[in-house]
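J.: Okay, predicted coordinates and the sequence, questions at the end:
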Amino acid sequence: MPSKFQQPTVMLHGWGADSQIWGSFKQSLQNYAEVYTLDLPGFGDSPTLNDYSRASLLRWMADSLPSQCNLVGLSLGGMLCRAFAAEHPKRVVSLITISSNLQFVATEQYPHAMSGDSFNEFMTSWTQDSQACLKRFASLQAQGDAQQRQLIRTLRGIESKIDPTAGKQLLALLGDLDNRSSMAQIHCPSLAIFGQADSLVPVNAKSQIPDSVIIQGAGHLPHLTAGDDVVLAISQFFESQRYRLDKQKVADSFGRAAERYDVAAQLQHRTGEQLLDSITLTDCPKSIVDLGCGTGYHSIQLQTRFSNSQVIGVDISPGMLAYAKTRYPACQWLCSDAENLQLARGSQDLIFSNFTLQWCDDLSRLAAEIYRVLAINGQLYIVVPGPQTLAELRAAWLEVDDGVHVNRFASLEQWQTAFFEAGFKTVNLQSTPEVEYHQSVRELLLELKNIGAHNNNAGKASHLTGKRQLKALYNAYEKFRLPDGTLPASWEIISGCVVKHQ
């Protein structure tokens, strides 16, 4: 059974049904998270509210939800979850929406939604005959789905409890909600799931919402007719969050390691010097960035080789930069995230990056940012570890528990794809295996700690590794011991050059 996400997951249904609309989908997700359902006010057993405004619903959510949770929202529920994540960012660990638009009703500025006339007609039908309205809504939710007839029967067999006034007020809220301004305020990991044949939320809405997945052959309720596909998308999303890097922890970790880094980072220094030797330029670059400069070890080498160039050492760790400034005052220094560089468009002729870019979560965003900063004919020289790095340590930990103990690294193919999609035409990267040898697992772990490269994933267990776990790890690693008595630690080195052409 896969390991569960650490925080609870709360599911919020849409208009027209209470939490029964989730069906067996809740049980399917239980393998990946501790799942709870929440009924909207006036639906199911949830008491009604006097005020059904957006502000009132968000206050209700604030009172009803755990202090921290993952949110899964269906249609209207998804729109409310989006608004809540924007206003309460510290309480939402991750956000998943299913068949949820930024606006349910189309406007001139946002056409990817239901027409205003159709929605007004629907509002009228609720007032005239709520039961007939719900039957029509069931048909609309099933329309276009590959299992349309069976889904309609399923929906009409659900006897949801809906207060008539609550139904009318929440329907009106559905027509008024606008999530467009909320999007820029949502910083938690997010996933938007759409049915390819949804008649209520056009699949074109995907173009306005990042990190989206389309469920083929599904209508408005893909979790009921294509549940396996939806569960797979969500489980992969949850798994990616376990390996998501905590950049603040990364920065702090390297800052603490600054004074001992150069002594321990023998492999990193060797690959960096090989990368320096591989640089071939016909003209001296005017501006150079050492991206992820750390202690400045290679920054000063770049400055020495290209004495007429302006070299800027860039790092996310203030501690590393403070140490670099004291050692190499000849260089310039900038504290910045590689995925959001505080450098002008087209301002750099050469970017050098050794064992740094693996600390970025979003390769597409990173590649696009490097493309933006490079001048025409500018070059990126890069070294990063690949997925086979520390394979022995990863395998040994898997025999101990299912926690995230070893950072996960992108493959050569993933790096190539990211650079090509960003607009680079020349991408010359290769993968080379290397092996380091240690006398003990403790020696290996200490080396990783001394270079700040130990586990900084969001999915890392919150408790400290105990003596029993370490003993089990040491025992599991023993199967890799070589006849000469050493323990191997494999590294996959991805390196090469990427060029920005006009």
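T.: Perfect, I can see it now.
J.: ok, now which ones touch residue 284?
T.: Shown in contact with residue 284 (CB atoms under 8 Å, 6 or more residues apart in numbering): 306, 308, 309. (Glycine included, C-beta is placed from N, CA and C.)
J.: after the one helix or strand residue 395 maps to, next one along is what?
T.: Using DSSP states H and E, residue 395 maps to helix 391-398. Sequence order places helix 412-422 as the next helix or strand after helix 391-398, per DSSP H and E.
J.: quick one: buried residues of that next one?
T.: Residues of helix 412-422 classed as buried by neighbour count (16 or more other CB atoms under 10 Å): 412, 415, 416, 417, 418, 419, 422.
J.: how about those in CSV, adding pLDDT and distance to residue 280?
T.: Formatted as CSV, these follow (pLDDT from 0 to 100; distance: CB to CB, whole Å):
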residue, pLDDT, distance to residue 280
412, 95, 21
415, 95, 21
416, 96, 20
417, 94, 25
418, 93, 23
419, 96, 19
422, 93, 22
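J.: Distance to residue 217 added to those residues, as CSV?
T.: Conversion of the buried residues of helix 412-422 to CSV gives the following (distance: CB to CB, whole Å):
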residue, distance to residue 217
412, 34
415, 33
416, 32
417, 27
418, 30
419, 34
422, 32
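J.: Closest one to residue 144 out of the residues you listed, please.
T.: Of all these, residue 417 has the smallest distance to residue 144: 32.1 Å, by CB to CB.
J.: Residue ranges in the stretch 151-300 of the chain under the pLDDT threshold?
T.: Scanning the stretch 151-300 of the chain for pLDDT under 70 picks out 241-247.
J.: where do the strands sit along it?
T.: Assigned by DSSP state E, counting those that start in this stretch, the strands in the stretch 151-300 of the chain fall at 190-195, 212-215, 287-291.
J.: circling back: and the helix holding residue 395, what does it pack against?
T.: Based on contacts counted as 3 or more CB pairs under 8 Å, 6 or more residues apart in numbering; DSSP states H and E, the elements that helix 391-398 packs against are helix 441-450, helix 467-477, strand 487-499.
J.: run the last query once more with 6 Å
T.: helix 467-477 (3 or more CB pairs under 6 Å, 6 or more residues apart in numbering; DSSP states H and E).
J.: Return the helix it packs on as PDB; C-alpha atoms alone will do.
T.: Presented in PDB, the C-alpha positions along helix 467-477 are these (Å, rounded to 0.1, in the frame of the first residue of the first chain):
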ATOM      1  CA  LYS A 467      19.200   4.800  16.400                       C
ATOM      2  CA  ARG A 468      17.000   1.800  15.500                       C
ATOM      3  CA  GLN A 469      16.400   3.200  12.000                       C
ATOM      4  CA  LEU A 470      20.100   4.000  11.400                       C
ATOM      5  CA  LYS A 471      21.100   0.500  12.500                       C
ATOM      6  CA  ALA A 472      18.600  -1.000  10.100                       C
ATOM      7  CA  LEU A 473      19.900   1.300   7.300                       C
ATOM      8  CA  TYR A 474      23.500   0.200   8.000                       C
ATOM      9  CA  ASN A 475      22.500  -3.400   7.900                       C
ATOM     10  CA  ALA A 476      20.600  -3.000   4.600                       C
ATOM     11  CA  TYR A 477      23.500  -1.200   3.000                       C
END
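J.: domain assignment for this structure?
T.: The chain breaks down into these domains under automatic domain parsing: 9-242, 247-499.
J.: ok so, going back, list the buried residues for the helix holding residue 395?
T.: Buried residues in helix 391-398, defined by neighbour count with 16+ other CB under 10 Å: 391, 392, 393, 394, 396, 397.
J.: ok, so of the residues you listed, who is nearest residue 449?
T.: Of all these, residue 449 sits closest to residue 393, with 12.9 Å by CB to CB.
J.: which residues does the nearest residue to that closest one once chain neighbours are set aside contact?
T.: Residue nearest to residue 393 in three dimensions, not counting chain neighbours: residue 406, with 5.6 Å by CB to CB, 6 or more residues apart in numbering. By CB atoms under 6 Å, 6 or more residues apart in numbering, the residues touching residue 406 are 390, 393, 394.
J.: Might you report the residue contacts of the first one?
T.: Taking CB under 6 Å, 6+ apart as the criterion, residue 390 is in contact with residue 406.
J.: one more time with 8 Å, if that's ok
T.: 406, 489, 490, 491.
J.: can you check the second one too?
T.: Residue 393 makes contacts with 405, 406, 441, 444, 477, 489, as judged by CB under 8 Å, 6+ apart.
J.: how close does the fourth one get to residue 408?
T.: This means residue 444. Per CB to CB, to the nearest Å, residue 444 is found 18 Å from residue 408.
J.: what's the offset of the longest helix along the chain from the middle of its chain?
T.: Using DSSP state H, we find that the single longest helix of the chain is helix 247-264. Taking CA atoms, centre = their mean, to the nearest Å, the mean C-alpha location of helix 247-264 is offset from the chain mean by 24 Å.
J.: other SSEs contacting it?
T.: Using 3+ CB pairs under 8 Å, 6+ apart, helix 247-264 is in contact with helix 318-327, helix 441-450.
J.: Worst mean pLDDT among those helices?
T.: Mean pLDDT is lowest for helix 441-450 out of those, coming in at a mean of 87.
J.: out of the helices and strands packed on helix 247-264, which comes closest to residue 290?
T.: Evaluated with CB to CB, those place helix 318-327 nearest to residue 290, the distance being 9.5 Å.
J.: got the CA coordinates for the helix or strand just after that closest one in PDB?
T.: Next helix or strand after helix 318-327 toward the C-terminus (DSSP H and E): strand 332-335. Provided in PDB are the C-alpha atoms of strand 332-335 (Å, rounded to 0.1, in the frame of the first residue of the first chain):
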ATOM      1  CA  GLN A 332      29.700  40.400  -7.300                       C
ATOM      2  CA  TRP A 333      27.000  38.500  -5.500                       C
ATOM      3  CA  LEU A 334      23.200  38.200  -5.800                       C
ATOM      4  CA  CYS A 335      20.700  36.300  -3.600                       C
END
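J.: which residues touch strand 332-335?
T.: Under CB under 8 Å, 6+ apart, the answer for strand 332-335 is 293, 296, 310-318, 321, 324-325, 342-343.
J.: Weed out the non-buried ones from these.
T.: 293, 296, 311, 312, 313, 314, 315, 316, 317, 321, 324, 343.
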